[in-house]
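>>> okay, predicted coordinates and the sequence, questions at the end:
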Amino acid sequence: MIEGGRIRLNRWQQAVVAVGSAVGALLNPRRADLIATLGETIEKPAFERVLEMMKRSPEGRTVLLERPRVISTEVGHVRDLPPNTFGADLCKLHGIQEFFSR
């Protein structure tokens with residue numbers, strides 16, 4: 001049950017830990033341990049869903065095959081891209097226009 005410092009949980013146990021850590025984090029957002037626990041608990045199912053969605057779309061399959069890397073020195077132009085593009089959304093996510101100017 002313990003592999004590499006992790007305790008393997010079944011789906012029911014993962015759900016209990018996820019709900020408990022989510023409620024605890026909502027009640028006390030300063031509890032980084034609860035936020036990290038929530039992320040650890042739900043990351044695999046979320047990742048698997050995204051992976052399946054990518055495999056079903058032509059663009060997703062291309063990304064999975066080519067495995068492009070986003071390097072800050074090569075994407076300085078993203079702040080000038082139209083809305084609803086990867087670059088524009090990435091700039092919005094970081095919340096600053098100067099993020100890629102380094």
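That came through fine.

>>> which elements pack onto the helix or strand containing residue 49?
Assessed by DSSP states H and E, residue 49 sits inside helix 32-56. The contact analysis (3 or more Cβ pairs under 8 Å, 6 or more residues apart in numbering; DSSP states H and E) places helix 32-56 against helix 11-27, helix 58-66. For the C-beta atoms, the positions are set from N, CA and C on the backbone; glycine is no exception.

>>> which elements pack onto the shortest one?
Contacting helix 58-66 under the criterion 3+ Cβ pairs under 8 Å, 6+ apart are the following elements: helix 32-56.

>>> what residues does the helix it packs on touch?
9, 14, 17-18, 21-22, 24-25, 28-29, 60-61, 63-64 (Cβ atoms under 8 Å, 6 or more residues apart in numbering).

>>> pick the one among these closest to residue 79.
residue 63 (21.8 Å; Cβ to Cβ).

>>> now the closest one, nearest residue through space, not along the chain?
Sequence neighbours aside, residue 54 is the residue nearest to residue 63 in space, at 6.5 Å (criterion: Cβ to Cβ, 6 or more residues apart in numbering).
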